[in-house]
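Trainee: with the sequence up front, the predicted model follows.
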Amino acid sequence: MTIRFDNRVAIVTGAGNGLGRAHAMLLASRGAKVVVNDPGGAVDGKGGDHAAADKVVAEIKAAGGQAVASYDSVATWEGAQNIVKVAVDAFGTVDILVNNAGILRDKSFSKLDIADIELVIQVHLMGTIFCTKAVWPIMMEKKYGRIVVTTSGSGLTGNFGQSNYGAAKMGVVGLMNTLEHEGARSNIRINAISPMADTRMTGAIMDPNVQKYASPDHIAAPVAWLSSEDCNVSGEIVCAMAGSYTAVRLYQTETVRFDPANPATLDQFAEKAPALFDFEKSAQPYAGVMGMISHLPKAEPAA
């Protein structure tokens, strides 16, 4: 089986280096027309340079592929609209969006400036929202779309010094969880990648024994599959690192129930707390709020 992207148009944000470049190169090598978006800033988001996007476009073209550059920041609604305009002007449509753009401003929470919190959330979370919102009408109209958001272990499990980044990265999971349902009827599938790779953002802090195996190219294959017509899942999280992949879902313990007509007392809740947090004996897929209230008495029909 050979997965191809002929006649598909892909936008990859933050594609001038690292993970984004790897995603763009693989998609282009399989026939996709790619918008390489990158404003060319530093890891902390400062500055800008067209050279980063231009270099990847040149690489794609040298290999026989099709690509154009986009230099707008995902951090504004206008920037996101311009990114999509580049795709439509150059190739006529958008089929695939890979939300990869990101910055880091790491500090422990007690030392973190509000401005650094706001900017990281603006780029990672709002940037994903803006770009997804900009492509959504196109995908809804054509009844087809593949969207990948980028989450992180810093959000899924936490990481010291990355409260702003972790908050943003869990935010994109919440966005995905809702758009999974809203896009289903229009054949729009949205999934998340949680990558660990040797990039500008991680190289300085990565264990050297891990670093030598952590090429961004290991992350490109699952992202490309999630971007393909073959992708038959939506609302999933794929963790990827150094040739190892796993899918992650939320799990819950067996529900502890009290009389729905009489709120539990504090002492009653405290007594049941050990069972509530017993994941070893009763872990099961999270059923959401509706699963928790499925036992409630049905309302009597109106007279």
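Mentor: It's in.
Trainee: in this structure Arg21 contacts Val57, no?
Mentor: No: the criterion here is C-beta atoms under 8 Å, and Arg21 misses it with Val57 at 10.6 Å. The C-beta positions use only the backbone N, C-alpha and C, and glycine is treated the same way.
Trainee: neighbours around the closest residue to Asn99 other than its chain neighbours, how many?
Mentor: Nearest non-adjacent residue to Asn99, counting by C-beta to C-beta, 6 or more residues apart in numbering: Thr128, 4.3 Å away. Using other C-beta atoms under 10 Å, Thr128 is surrounded by 29 other residues.
Trainee: the helix or strand harbouring Thr128 packs against which elements?
Mentor: Here Thr128 sits within helix 127-142, counting by DSSP states H and E. Helix 127-142 sits against strand 9-13, helix 77-91, strand 96-99, strand 145-150, helix 163-183, strand 188-195, with contacts defined as 3 or more C-beta pairs under 8 Å, 6 or more residues apart in numbering; DSSP states H and E.
Trainee: closest one to Ala275 among those?
Mentor: helix 163-183 (26.6 Å; C-beta to C-beta).
Trainee: for the closest residue to Val9 other than its chain neighbours, give me its contacts.
Mentor: Leaving aside its sequence neighbours, Val9 sits nearest to Phe91 (C-beta to C-beta, 6+ apart; 4.4 Å). Listed by C-beta atoms under 8 Å, 6 or more residues apart in numbering, the contact partners of Phe91 are Val9, Lys33, Val35, Gln66, Val68.
Trainee: filter those down to just the ones in strands.
Mentor: Those of these mapping onto strands are Val9, Lys33, Val35, Gln66, Val68, per DSSP state E.
Trainee: just the buried residues of the residues you listed.
Mentor: Val9, Lys33, Val35, Val68 (16 or more other C-beta atoms under 10 Å).
Trainee: show me which of the residues you listed is closest to Thr2.
Mentor: Distances from Thr2 to those, taken by C-beta to C-beta, are shortest for Lys33, at 18.2 Å.
Trainee: wouldn't that closest one be in contact with Val57 here?
Mentor: No: at 11.4 Å, Lys33 and Val57 do not qualify as touching, with contact defined as C-beta under 8 Å.
Trainee: shared neighbours, those two?
Mentor: Ala67.
Trainee: just want the most central residue of this protein.
Mentor: Centroid-nearest residue in the chain: Val149, 1.9 Å away (criterion: C-alpha atoms, centre = their mean).
Trainee: now do the contacts for the nearest residue in space to that one that is not next to it in sequence.
Mentor: Spatial nearest neighbour of Val149, excluding adjacent residues (C-beta to C-beta, 6+ apart): Val172 at 4.3 Å. Residues near Val172 by C-beta under 8 Å, 6+ apart: Asn99, His124, Leu125, Thr128, Val149, Thr150, Thr151, Ala192.
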